[in-house]
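Chemist: Fold the following, please.
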Amino acid sequence: MATTWRKSSHSGTQSGSECVEVRRFPRTVAFRDSKDPEGPKLLVSRDAFAALVAELKQNA
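Modeler: Below is the predicted model:
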């Protein structure tokens, strides 16, 4: 199953803008810094990702 990295629609289009990219897998979600695509990635369960998004929306 091929997946692609996705950037938030809220991310700027300027070079050097701060952005986190997300890539979904069947059981996990990966994050990376768009300025360092070959750098480290953070991998979390889909449940943990859903909890993070819910928390961010609640505190926005």
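
Chemist: so what's the spatially closest residue to Gly39 that is not a sequence neighbour up against?
Modeler: Setting aside the residues directly before and after it, Gly39 is nearest to Asp33 in space (Cβ to Cβ, 6 or more residues apart in numbering), at 6.0 Å. Just so you know, the C-beta spots here come from the backbone N, C-alpha and C atoms, and that holds for glycine as well. Counting by Cβ atoms under 8 Å, 6 or more residues apart in numbering, Asp33 makes contact with Cys19, Val20, Glu21, Gly39.

Chemist: Tell me who's in contact with the third one.
Modeler: Going back to what we said before, that points to Glu21. Contacts for Glu21 (Cβ under 8 Å, 6+ apart) come out as Trp5, Arg6, Lys7, Phe31, Arg32, Asp33, Ser34, Pro37.

Chemist: what does Val53 give?
Modeler: So Val53 contacts nothing (Cβ under 8 Å, 6+ apart).

Chemist: Of the contacts of Glu21, just say which sits nearest to Asn59.
Modeler: Closest approach between the contacts of Glu21 and Asn59, by Cβ to Cβ: Phe31, at 18.5 Å.

Chemist: Strands along the chain, start to end?
Modeler: Per DSSP state E, the chain carries strands over the ranges 6-7, 20-24, 28-33, 41-45.
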